[in-house]
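> Quick check, what structure comes out for this input:
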Amino acid sequence: MSEFVSLEHLLCCERRDDAGQVLSEGKILNWAQWRRRVGQWRATLDAQPAGTWALYHPSAFEFSAILFALWASGKVACIPGSNQPLIVEQLRSRVQGFIGDFEAPATTPLAAPSAQAPALESAVELDRQQAAVEIFTSGSSGHPQAIEKKLYQLAEEVATLENLWGGLAADAAVVGTVSHHHIYGLLFRVLWPLAGARCFAAEMTDYLESLNKPPAILGKFLLISSPSHLSRIPERTDWDGFRQHCAAIFSSGAPLPREASVNARKLLGSAPIEVLGSSETGGIAWRQQAADRDVAWQAIDGIAVDRDKHSGCLKIRSPYLPNTQDWYLTSDRVELLGAGTFSLHGRADRIAKVEGKRVSLSEMEQRLLAHPWVKLARVLVLEGKRTEMAAVVVLEEEGLAHLANEGRRRVNAQLQSHLLRQFERPVLPRRWRYPSELPVDNQGKVTQHDLAALFADSKQGRPLFPEVLSTARDDNVLRLLLRIPADLFYFQGHFPVAPILPGVVQIRWAEYFGRELLGLEGDFSHMEAVKFQHVIKPQQEVELKLEYRSDNAGGKLAFRYKSATGQHASGRIIYIATEDTRTKDSRTKHTRTTASKSTG
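Predicted structure coming up:
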């Protein structure tokens, strides 16, 4: 059994220097190496101004070392969900500086200490009451909001995880498909294994299939995952290797549909342990679903639960909240079942004002769900030249048949007529989307941003881009799992009886995602080795692999579309560097070389 140490004592506890701590790029970095890296970062940070520092780093090893160094230096870590330029701009006015994977010229991050830099070796006892992190909500109901957590709040949560599941975890290593830049991944993937002296993987796991043959040095593992991954387990894969090595599966971000839980048990050998909570509240309750019956949510030890008589929503008292004795009202409707257990019944009403009229988005969603064609529904308000209601609807088989046979307008009209029985015409959705699944982020949440993105690129009300089911990036290589919408604009006339995706569109998508997600720059020159082997059809899932290489002369973007049926297309797009591109490329390479040397 692993020896558990509370977070505030980690930098002054005694552990064997050779104890396995982090699996990074196939190698074990031990406890002594982790402590040394913390010390090197602390020596650097002690010379910097006090306050809050933005922290983002893809390696959980380097991230955790910087995090504890910030705390040892009496500073606060602001942990954004991404390092995109817009996020950097939003953070600039609230932080002292940036640390980690932030690219110039958007900002210049603090230079990392070299691997040979001397470390401060003195033991440090952290203050449980110190401000530790600023984290951000998922933005599921609007713009993300910053939430401050003190060290004791994080320490209490980690101690509870050990009390609940430390025996189950034993000496298993921890791997995850979720980011450590969100509260769930931070607690489960980084802080819990650090406190419990368990090995954890520095890199995120992009595909569950990779865990079928885990590295021998990994041994048994805990999987920290989300509904977005556990709802899409490939059924044709042989999961024997996974079942032999997996000690337990955790899921959070949103309730896991029962069919997904049952399927995970069948394929992966274990029903996921689901954890209910939020950035604001921390963990609230957990459950492990059964195939033959509903399973109630059980409040986590130390959490008091009740139902607010006015709103019907769950309220809690929790040691993870700033005011531990006050009741905190959530937006989850519940029915209490006794002994700290309850069932969930959706989110509380969200009220919007459209055409001068107040409308409940939740009531409209419930009304849509009452229609036999509708499987899932989300309603949102789009702000542009005018305020418009919009609906994102996943159709049942009957609804899909009507969409294929009668078209979008007839389905729109049918659902609008259904809504008119309860709502006035001015507040009805004017814009509709019919994806095969609701878009979710890597925490398994349906966010306002992702819903709105479905309406961002369209022509004649039809989408111009595929649904992005998942993304995985390793330096200059990007993999996207795409689903091709049945009502894609480019299927019109290509061909009426059996539509297929035009090759020119495949090339356009490759370049678009390369520029948006890989930082591709320069002027188009020509294409090389472009081949189209198999057609891509509506509703098909394909993987788009992009690899971008650049130098002072320009760049080369290699693309490949592949699915279970084989390779569909491949080729290379060649670009000529402009003067601005050459300058930026030179600066970026210098920054990356410096960072590489410093983390050695």
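> And the protein, what are its domain boundaries?
Using automatic domain parsing, the domains assigned to the chain come out as 7-295, 296-348, 351-433, 457-599.
> now these in CSV, with mean pLDDT?
Converted to CSV, the domains of the chain look like this (pLDDT from 0 to 100):
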stretch, mean pLDDT
domain 7-295, 90
domain 296-348, 93
domain 351-433, 86
domain 457-599, 78
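> In a markdown table, list those domains along with distance to residue 450.
Every C-beta, even on glycine, is put in place using the N, C-alpha and C of the backbone. Converted to a markdown table, the domains of the chain look like this (distance: least, Cβ to Cβ, whole Å):
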| stretch | distance to residue 450 |
| --- | --- |
| domain 7-295 | 9 |
| domain 296-348 | 16 |
| domain 351-433 | 9 |
| domain 457-599 | 9 |
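> Out of these, flag the one nearest residue 449.
domain 7-295 (5.7 Å; Cβ to Cβ).
> what's the span of that closest one, first residue to last?
Counting by Cα to Cα, to the nearest Å, you get 33 Å between the two ends of domain 7-295.
> how far out from the middle of the chain is that domain?
Centre-to-centre, domain 7-295 and its host chain are 12 Å apart (Cα atoms, centre = their mean, to the nearest Å).
> Need the winner for burial among the domains of the chain.
Each of the domains of the chain was scored by mean neighbour count; the highest is domain 7-295, a mean of 19, by mean count of other Cβ atoms under 10 Å.
> Contacts for the helix or strand where residue 557 lies, please.
Secondary structure assignment for residue 557, by DSSP states H and E: strand 554-563. Strand 554-563 is contacted from outside by 506-507, 510-511, 514, 518, 520-522, 525, 536, 540-550, 567-577, 581, using Cβ atoms under 8 Å, 6 or more residues apart in numbering.
> Which of those residues fall in helices?
506, 507, 510, 511, 514, 581 (DSSP state H).
> Pick the one among these closest to residue 311.
Residue 311 lies nearest to residue 514 out of the ones in helices among the contacts of strand 554-563, by Cβ to Cβ, at 47.2 Å.
> OK, contacts around the residue nearest to the closest one when sequence neighbours are not counted?
Spatially, and ignoring its direct neighbours in sequence, residue 514 is nearest to residue 520 (4.0 Å; Cβ to Cβ, 6 or more residues apart in numbering). Listed by Cβ under 8 Å, 6+ apart, the contact partners of residue 520 are 511, 514, 548, 550, 555, 557, 575.
> Determine which two of the residues you listed are furthest apart.
Most distant of the contacts of residue 520, by Cβ to Cβ, are 511 and 550, 14.1 Å apart.
> Leaving aside the residues adjacent along the chain, what's closest to residue 533?
Residue 533's closest residue in space is residue 567 (Cβ to Cβ, 6+ apart), at 5.3 Å.
> meant to ask about residue 326, not that
The spatially closest residue to residue 326, leaving aside those adjacent along the chain, is residue 317, at 7.1 Å (Cβ to Cβ, 6+ apart).
> Can you tell me how far that neighbour is from residue 302?
9 Å (Cβ to Cβ, to the nearest Å).
> now do residue 354
For residue 354, the distance to residue 302 - Cβ to Cβ - is 42 Å.
> and the nearest residue to residue 371 once chain neighbours are set aside, which of the three is it?
Spatial nearest neighbour of residue 371, excluding adjacent residues (Cβ to Cβ, 6+ apart): residue 418 at 5.0 Å. Recorded secondary structure, residue 418: helix (DSSP: H, G, I helix; E, B strand; the rest coil).
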